[in-house]
Every structure is written in C-alpha cells, then in structure tokens.
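In: coordinates for the following, if possible.
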Amino acid sequence: MMRFLPVNLTTILVELPGLQETRALHASLQSCPVDGVEEMIPAARTLLVHFDAERLNAEALATELRQRDLSLISSQSDCQIEIPVCYDGVDLDNIAKLTGFSVEEVIRRHKESKFTVAFCGFAPGFSYLHGGDPALFVPRHQTPRTRIPAGSVALAGPFSGIYPQSSPGGWQLIGTTSAKMWDTNRTPSPLLQPGYRVKFVQVDDLETAGVNTTPSSIESDTAPASGSINSHGKPALSQTFCHASPHFKVLTAPIPALFQDLGRPGQANQGVSGSGVLDRSAFRAANRIVGNPAGTGCLELTLGGFSFESSSQAVIGCTGAPCPITIEDAKGRTTEITQTHRPISLESGDVVTFGHPRTGMRSYLAVRGGFEITPVLASVSTDTLAAVGPSPVTAGSVLALRNARKGLTSVSIHEAPAFTLPSAVDVVTLDVVLGPRTDWFTQQGLDTFTQQRWKVTADSSRTGIRLSGNVSIERKDNQAELPSEGTVNGAIQVTHNGQPVLFLADHPLTGGYPVIGAVAEYHLDLTGQLPVNTMVRFRAIGPWSEIQPQSDLTHIA
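Out: Coordinates of the predicted model:
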C-alpha cells in the first residue's frame, strides 16, 4: 500500500493509495511521533517526511511507517466557510472549452460544489479543496504563469484553491475573491484549516461582500500575536524607532535587501516553508566575524550596489559574493576595502558603499549586536513567495541596531569562503539525488537531465531558478497530471515544456509538476550563489530506486 521514494539525503516521500490514507498516516505520526522525524507535509496522496540523518535513516523510517494503521477515519469539522467569488477568471473560457460546458454551466457547477479542505500547502493560506464536481477536473497549464494575482480562485485536477498572495502558479483561474486567506493578526492565521467545509458564493461586487463562518469558530484578534508583524509586513522597528538610537540609514538599494536568518523550520502545518538565507556558510561566517550568536539576522544583498550611512560606531562583517567596499567618512576621506571576511570598524557619519561582485550572487552584511527587528514565527527571514517576515529594505529605510551585548564573543579574523564562488562564464556541477518522480521520465529524458548543460536564466529569484537547455527533458506521458505533493529546497521540478525549475529557499511548500531530482544538501549554498548565465550540470550521486524497508532488505539477503 505504501511506496517510499527518495527526495534528498534527509527526506523521503511516502506514496499512499489516496487522500484518506495520507491523512491517516499523518494523524498517526502526529499522535505517536517517530524519534528523528522533524517535519511532515501531507498532500493529495503523499506524505513528505523530513528526518534528522544523525538519528534516523531512510530505510529504518520506511520500516516504521509501513507498520502504521491507515484505517483511522479523519473527522470532518463542523465549520463551514462561505467565500464570496466574482467569476471573472482569465481562464474561464478555457475551462468551459476543456469541459465542454458553457461558461454559465461551469459557474453553476463550481458554486454548487461542496468542498472540504483536504490539506494546506504551496504557500501560507493556500488550501487544497476537494469534493468538487468531477466534470470540472481540468489540467494545469503546461507552463506555469510567473505571477498570479492574490485572491485568484483556481482549479487544477480534482482540487480548487485560492491564491493568498501574488505568486507563480499553473492552475486554471476561474474567479476572484476578496477573502483574506492569511492574516498574522488572526488566530489561527490561515482562514481555512483541514476538515473545514467550504462553499463559494457568487457576487457581483467584492467590495461589499464578506466571509461567512458557520459556526463562528475563527477568532480575530485586534492586536498581532506575539512575535508577528502588521498585515503589511513592515518591521516593528519602523513603528517604534527613535532616530537618536544607533542606526543605519539606507541610501541606495538597486535590488531591495532582505533580512535573513536560518529560517523558520517546523511551520509547514501553517503552509509556511523554511525560507532563510541562501548561503548558510557565508551567513554563519558573517556572524562569527563580528562575534554574534550563530543565528543572528543579517542583511542579504543581491548583486551589490547597496549603500548606507552609520549614525554611530559599529563593527560590520561582509561575506558571500565579494563586493568591493568604499567607506567615506564624515570629512569626505575614502577608504577602499577589497578583502572580505574581516571585521570592519565604522564611525559616526561613515557612508559604506558596496560595489558589484564579479563572482557569486548574494552577499551578507552582519553588524555586531545585530539589527533590532521583530521575529515572525520565530524568525526574521523575509519569505518572498509567502510574504511572511519583514518588508524588503529599500532606499530611505532606517535600520535600528541592537545594544545587546549578551552572547557576543570576540571578532574573528580567520574566516574564509567555504567554496569558490562561480562567475557567469563558469560551468558548475551540482550533485543531485534522483527522485522522487524520476520514473516519470524516459531514459533519454534522464540522460538529457544529467548530460546537458543548463543555463541559469534571468527569470530567477529566491523562489527558484529557471533553467534553459537546448533539448527538453522527455517525459513518458506528457499529458499525465501529478497530484500536488510536498517539495524541498533544491528540488528540480520539470514542467510540461521539459525545462527544469530549481527550487530555492522560498519555494512553494507543495507543487504539482514531477520532480526529477534534488540538489544534495551540501551543494545548496553553492546553488544560492549561481549568477545569471552560469551553466549548470547535474551529477547523480547514485541510481534512482525506491527505498526498501529494512525487513525487505533482510528478506532479500
């Protein structure tokens, strides 16, 4: 009844017969946890399980999971949410064409469907709704759109869903709603929870429409929960900051800088991915340089060009993509700094300007003591896809510095880059773990994946890198639809056009295109430093095969 598929070195995908069995296994592991399992992402008929490789291995985990009782019936909530929807989706005519119905009939069938929240994923507030009219089961777009507006009501396969914020996506858009699917000022933050019943109500004017809840089981707080931010994602420092306090005033930021730390693992139950810095080795080195505790938040700078003025004495450290640094003091005298990975002392009035790096993509700026910033879900990381965390740092931003001395150590002058940073003319080899859906591709397609050079395109971000190759990766059945399932940082998803997308830290929690492999965890930092136009080759560290539970291995021996 179960298949165990490799995802990366610390994650497996459990494939089950259907949604009911998936929910049963998830519930079993929640009520009786396995030591070493750190996070789970349930989906339509799979459960993604991340584990601590120092306490558990994939075969032992598969052995334990196979013994779980899948007969548990998940109870349905008595809560029904009525969602107002204006049926004005750009794909409405296409849905009618695919189903053979008139537009009016498509609308009637959708609004009369009785949906239930099956699971949450993709992004915070995104819920997969099942129970819709089978006649409206339509495929995803062959190539996902790069931006779908927030509030879009969409269809894909047996599911309906609502995009909580603007994001990439491949679903067919049927309408629009004003319902706020994710709100950190609300408890719980997601509007919809697994088991909730959902009904779509057609309206002509979204401005006057509201969300109806029966019974009223969702509380709305007037103040943010502890450790949260306001609904616009602005850092708390912007509300409480006093200009007499030590601070950096940002002068230029051609590409907005982002606060980052080690991310927010363990929040998948809210639809929130781990996010965090893209080059962890550089991040940790930056904090060691200035003597900060290991997880202190830094600024992640993309391609340099960033400048700021310091209001006081400070010590900074810069790592990652090596940017030339110019410091102009209050008297107009300049100092050029070409060597990174060293502590830099600043005085009041100093203006610090980062040049553009010739290698790498992202640099990290740490300040001794850290920045004064309020965590969101226990992290100061900005998740660009989920819109969770502090707002991007732009010209005019004022960044307060912490006065805390607790936990500080001596500065370090012995740091160095963990690897050679790539340039735009390099060919970079990335080790990959094949799976979980390698068997969806032909042998020729797999050969194309591992033997062809892939170009990093400009259509890339912290969500993922779109790669381009002369030959597309061939699937066994290009019309087959994969039910949405959990994804990981480094997963390489192949859309219908045969071109891969390499997910980075702000990746969607779930996806519906087959993943042919995933970058090995030890190469993720390198992946986060790939400049546009770099050529990439994927090297499989072993053949693809299903994971065999230990008892099966013993029997075979």
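In: list the residues that contact the closest residue to residue 53 other than its chain neighbours.
Out: Sequence neighbours aside, residue 10 is the residue nearest to residue 53 in space, at 5.0 Å (criterion: C-beta to C-beta, 6 or more residues apart in numbering). Placement of C-beta: from N, CA and C, glycine included. Residues in contact with residue 10, defined by C-beta atoms under 8 Å, 6 or more residues apart in numbering, are 50, 51, 52, 53, 521.
In: tell me how far residue 10 lies from residue 464.
Out: Taking C-beta to C-beta, to the nearest Å as the measure, residue 10 and residue 464 are separated by 20 Å.
In: one more: residue 148?
Out: Plainly put, residue 148 is 15 Å away from residue 464 if you go by C-beta to C-beta.
In: and stretch 283-290, average pLDDT?
Out: With pLDDT averaged residue by residue, stretch 283-290 scores 98.
In: with just CA atoms, put it into CSV.
Out: Once side chains and other backbone atoms are set aside, the C-alpha atoms of stretch 283-290 remain, and they are given as CSV (Å, rounded to 0.1, in the frame of the first residue of the first chain):
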residue,chain,number,x,y,z
PHE,A,283,25.8,33.8,6.8
ARG,A,284,27.4,31.9,9.7
ALA,A,285,30.8,33.3,8.8
ALA,A,286,29.5,36.9,8.8
ASN,A,287,28.2,36.4,12.3
ARG,A,288,31.4,34.9,13.5
ILE,A,289,33.4,37.8,12.1
VAL,A,290,31.5,40.3,14.3
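In: now that stretch: how far from the chain's centre is it?
Out: Distance of stretch 283-290 from the chain centroid (C-alpha atoms, centre = their mean, to the nearest Å) equals 24 Å.
In: and if you look at stretch 404-413?
Out: 31 Å.
In: what do you get for stretch 493-510?
Out: The mean C-alpha position of stretch 493-510 is separated from the chain mean by 11 Å, C-alpha atoms, centre = their mean.
In: mind listing what's buried in it?
Out: When burial is assessed from 16 or more other C-beta atoms under 10 Å, stretch 493-510 yields the following buried residues: 493-496, 498-510.
In: ok, of the contacts of residue 10, which come out buried?
Out: Taking 16+ other C-beta under 10 Å as the criterion, what is buried in these is 50, 51, 521.
In: which stretch of helix or strand covers the first one?
Out: In this case it means residue 50. When secondary structure is defined by DSSP states H and E, residue 50 falls within strand 46-51.
In: and that strand, what does it pack against?
Out: Counting by 3 or more C-beta pairs under 8 Å, 6 or more residues apart in numbering; DSSP states H and E, the packing neighbours recorded for strand 46-51 are strand 11-15, helix 19-31, strand 37-42, helix 58-66, strand 485-486.
In: what's in contact with the shortest one?
Out: For strand 485-486, the surrounding residues in contact (C-beta under 8 Å, 6+ apart) are 13, 41-48, 121, 268, 436, 509-512.
In: any stretches of the stretch 451-557 of the chain with poor pLDDT?
Out: 551-557 (pLDDT under 70).
In: ok, back up a step: residue 181 is nearest to which of the helices and strands packed on strand 46-51?
Out: Checking these against residue 181 by C-beta to C-beta gives strand 37-42 as the closest, at 18.2 Å.
In: parallel or antiparallel, which strands does the closest one pair with?
Out: Paired strands of strand 37-42, with direction, are strand 46-51 (antiparallel) (DSSP bridges).
In: the partner strand vs strand 11-15, what angle?
Out: Going by axes from the mean of the first three to the mean of the last three C-alpha atoms, to 10 degrees, strand 46-51 is angled at 160 degrees with respect to strand 11-15.
In: helices of the stretch 251-400 of the chain, start to end?
Out: The residue ranges that make up the helices of the stretch 251-400 of the chain, judged by DSSP state H, counting those that start in this stretch, are 280-290.
In: phi, psi of the residue of the chain most remote from its centre?
Out: The outermost residue of the chain, judged by C-alpha distance from the chain's mean C-alpha position using C-alpha atoms, centre = their mean, is residue 331 at 44.7 Å. The phi and psi values for residue 331, taken as degrees, to the nearest 10, are phi -100, psi 0.
In: can you tell me how far residue 19 sits from residue 47?
Out: Distance from residue 19 to residue 47, counting by C-beta to C-beta: 11 Å.
In: repeat that for residue 276.
Out: Residue 276 sits 23 Å away from residue 47 when distances are taken as C-beta to C-beta.
In: try residue 205
Out: Note on residue 205: its distance to residue 47, by C-beta to C-beta, is 41 Å.
In: rewinding a little: out of the helices and strands packed on strand 46-51, which is the most enclosed?
Out: strand 485-486 (a mean of 28; mean count of other C-beta atoms under 10 Å).
In: gap between that one and the chain center?
Out: So, by C-alpha atoms, centre = their mean, the centroid of strand 485-486 is 12 Å from its chain's centroid.
In: ok, that strand: who's next to it in the sheet?
Out: With DSSP bridges as the criterion, the sheet partners recorded for strand 485-486 are strand 510-511 (antiparallel).
In: where does this structure dip in pLDDT?
Out: Scanning the chain for pLDDT under 70 picks out 73-76, 213-244, 551-557.
In: got the domain boundaries for it?
Out: Following the TED database, one finds the domains of the chain at 3-67, 80-208, 247-400, 427-540.
In: which of these sits closest to residue 420?
Out: Among these, domain 247-400 comes nearest to residue 420, with 7.9 Å by C-beta to C-beta.
In: and that closest one, how far apart are its ends?
Out: For domain 247-400, the separation between the terminal residues is 4 Å (C-alpha to C-alpha, to the nearest Å).
In: again with stretch 378-392
Out: Start to finish, the residues bounding stretch 378-392 are 18 Å apart (C-alpha to C-alpha).
In: show residues contacting it.
Out: Residues from elsewhere that reach stretch 378-392, judged by C-beta under 8 Å, 6+ apart: 123-124, 165, 167-168, 184, 227, 229, 232-235, 256-264, 271-273, 275-277, 297, 371, 373-374, 376-377, 461-463, 506-508.
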